[in-house]
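Chemist: Here is my input, please return the structure:
(chains A and B)
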Amino acid sequence: MSFLPAVITGLALGSMYGLLALGFHVTYAVSGTVNFSQGSSMTLGAVAGYFFLVLWGWPAAAGIPAVLLVCAVYGLLIERLAVRPFVQRGSDNWLMATVAVGIIVDNVMMFVFGKEPRSFPSVLAAKPIQIVEGAGVYPLQLLIPVVGLLLALALHLLSRRTRHGVAMLAVVQNPNAARLMGINVSGAIAASYAVSAMLAGVAALLIAPLFNVSSEMGTLFGIKAFAAAIIGGLGSAWGVMLAGLCLGLIEVFATNYLGSVYTQIITFASVIAILVVLPHGLLGRAGVKKV
Amino acid sequence: MTALSGQSARAGEALTRGATIAIEEINAKGGVLGRPLELVRRDDESNPAKGLIAARELIQREKVAVLVGGLDTPVELAIVPFVNNVKVPFVVPWAAGTNITRNGAPSNYVFRVSAMDDEVDKAIVQFSRKTYNAKKPGLILVNNPWGESNEHGLKAALKAAGIEPAGVEKFEGNDVDVVSQLSRLKQAGADTLYLVGNVGPSSQVVKSLDRMGWAPPIVSHWGPAGGRFTELAGPSAENVIFVQTYSFFGNLSPVGKRVMSALQAKYSDIKGPADVTPAVGVANAYDSILVIARAIEKAGGTEPTAVRDGFYAIDRVDGLIKTYEKPFAQDKHDALTAGDYIWARFEDNHIMPFARN
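Modeler: Residues are numbered from 1 along each chain as shown, chains lettered A, B, ... in the order given. Here you go, the predicted structure:
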């Protein structure tokens, strides 16, 4: 594959990682915690989408909001059951609890959906466009980076330019002070988890037509998205999206020039290398605790 | 003893049906040595540990004369040392891992009536040369032990044929995009692709080829046969030619006609050959039971070691897949070889024969 097709393929792949990784950013920015099983949230979104849109044939105008609603409710549940009880006690056990919830969800999906992968057709992933010879992409693959960057922009503006956004950022810096200032701290954190799961739902709906829906589709994706979130700097929406794109490019270039045997080795070695040079990620800032 | 639940439930049902038809046929003729055959089933849930427990129970509690396996190579491999240890014959009607039968045990109780990876790999090379005049095949293999096993087999088969592959590329079972791997093979001048992967990963390869606008001949192991390949891979699914042991389509042998009508009579959901899916499971299980019955006859009883030697003594069995002439010997525990395989592809949702190897 020559240079340009590799870039196009890499950006299309990387924007999927970035999109899912935004979900890590949202909760981290507000609460300093994340849902480690973001990949399972994506599986949930894809399975819900499969039922609503493919199996029951709902129109997109009803099916897509329904998927996002399912995800939002799931996000609220995760926060209430797997994060809040531990954070309140000052324990870090939410780390394990969110992983555990993810495993439970994966297995429930296996019951509901079965182990057999199914297809998720979409008009946007039917006929590839040949941008340059040998690098055909589906229209959907061009839509994903656009959606990802728009969402990153929206999150950035929301948190820096609006009263609600600034209030949410205050929550992570000092929850008690924020509470005294009249900010609804637990509401803000719960909302961030709902948004995080909805982002996973958006990612699921965009990725599923390129992939197949299966009960284990989110696992590897979740890990790569987490890598993107860490490289980007968990606190920065732009950084996360940028890191996703970098990860996609590294993966494609490693495969392209060295061979697929080396893909995972090079990709994850790069993750470590980047973090050694930039411990706070590409655009993250060192956490300063003011006393 | 096979997977009767989960992803492979349909495969387990196919094995059950093939075995049931054979057993009813034999029992109608008075059974084996005057005694009727009986099928006792256990579910291995595609899990090696559960498979071993089930095998132990069947042998020690149910005291089965012969154990019949299932379709997952890891499960069969977990059982192989156990059956060789307790010396009970074990017939594998599906799983293709080479070292199931070539297990290195001094006294080997494992037999197979199915395809075997090494033989499939030889067949893939032969078929691609004959049909597509392949001179520089590219290998695209799933990154797991199955892909690994076939990498060895395919490389050995290519070496024997004096062919240098264009390249060997691996992909993850849940990769979304295989374009870069395939592009490398294309650039290296691959004129044919050899594909090893289960149905999901195989469909990702086909979709990536669609995006690239590249349509080389694809010769595959039987992975695509295990699911809804056309639904997952789209219309280009029919470009993939894969190996099978049997098809109920076309001109059937007398045995084929007999089995087909027995299946239709017993199972109301079978209207025609397209409903016998996966056909491989039904056919392999049917032939396995015929072979087992003959081995017990030759042994003159169900004493396990005598039955094992009975397998070696089989002179002729009129099976569904072929007529077995001396199918087993001390150094030959696989009844089927490369020459017995057929080639098939999906047309809509049906597996249709492509050409005789």
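
Chemist: which residues does the closest residue in space to B:His221 that isn't next to it in sequence form a beta bridge with?
Modeler: If the residues on either side of it in the chain are set aside, B:His221 comes closest to B:Val196, at 4.7 Å by CB to CB, 6 or more residues apart in numbering or on different chains. Placement of C-beta: from N, CA and C, glycine included. On the basis of DSSP bridges, B:Val196 takes part in beta bridges with B:Leu141.

Chemist: Chain B contacts on chain A?
Modeler: Where chain A comes near chain B, counting by CB under 8 Å from any CB of the partner chain, the residues are A:1, A:5-6, A:9, A:12-13, A:16, A:114-119, A:128, A:130, A:134-138, A:207, A:210-212, A:214, A:216-217, A:219-221, A:252, A:255-256, A:259-261, A:264.

Chemist: hmm, back to that, neighbours around the residue nearest to B:His221, how many?
Modeler: Number of residues near B:Val196 (other CB atoms under 10 Å in any protein chain shown) recorded here: 28.

Chemist: picking up where we left off before, now which of the residues of chain A next to chain B would you call buried?
Modeler: Among these, those scoring as buried are A:1, A:5-6, A:9, A:12-13, A:16, A:115-119, A:128, A:134-138, A:207, A:210-212, A:214, A:216-217, A:219-221, A:252, A:255-256, A:259-260, A:264 (criterion: 16 or more other CB atoms under 10 Å in any protein chain shown).

Chemist: Of those, which belong to strands?
Modeler: Cross-referencing these with the strands (criterion: DSSP state E) gives A:Gly136, A:Val137 as the overlap.

Chemist: and the longest helix for chain A?
Modeler: helix A:3-31 (DSSP state H).

Chemist: Now do the contacts for the closest residue to chain A within the stretch 251-357 of chain B.
Modeler: Shortest the stretch 251-357 of chain B-to-chain A distance, computed as CB to the nearest CB: residue-wise this is B:Asn349, at 12.3 Å. By CB atoms under 8 Å, 6 or more residues apart in numbering or on different chains, the contact set of B:Asn349 is B:Arg228, B:Thr230, B:Glu231.

Chemist: Where does pLDDT dip in the chain?
Modeler: In the absence of a named chain, this looks at chain A. A:1-2, A:132-135, A:285-291 (pLDDT under 70).

Chemist: My question was about chain B, not that one.
Modeler: Within chain B, the stretches with pLDDT under 70 are B:1-8, B:355-357.

Chemist: need the helices for it, in chain order.
Modeler: Taking DSSP H as the criterion, chain B carries its helices at B:9-28, B:48-60, B:73-86, B:98-101, B:117-132, B:145-160, B:179-187, B:199-212, B:229-233, B:254-266, B:279-299, B:304-313.

Chemist: Reformat those helices as JSON lines; add distance to chain A.
Modeler: Written out in JSON lines, the entries for those read as follows (distance: least, CB to the nearest CB, whole Å):
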{"stretch": "helix B:9-28", "distance to chain A": "9"}
{"stretch": "helix B:48-60", "distance to chain A": "15"}
{"stretch": "helix B:73-86", "distance to chain A": "15"}
{"stretch": "helix B:98-101", "distance to chain A": "22"}
{"stretch": "helix B:117-132", "distance to chain A": "19"}
{"stretch": "helix B:145-160", "distance to chain A": "10"}
{"stretch": "helix B:179-187", "distance to chain A": "3"}
{"stretch": "helix B:199-212", "distance to chain A": "4"}
{"stretch": "helix B:229-233", "distance to chain A": "5"}
{"stretch": "helix B:254-266", "distance to chain A": "23"}
{"stretch": "helix B:279-299", "distance to chain A": "16"}
{"stretch": "helix B:304-313", "distance to chain A": "34"}
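
Chemist: Any idea which of these gets closest to A:Gly239?
Modeler: Across the helices of chain B, A:Gly239 has its closest neighbour in helix B:179-187 (25.3 Å, CB to CB).

Chemist: Can you tell me what sits against the closest one?
Modeler: The contact list for helix B:179-187, computed with CB under 8 Å, 6+ apart, reads A:1, A:5-6, A:9, A:134-135, A:252, A:255-256, A:259-260, B:138-140, B:166-167, B:169-171, B:193, B:205, B:208-209, B:211-212, B:214, B:216.
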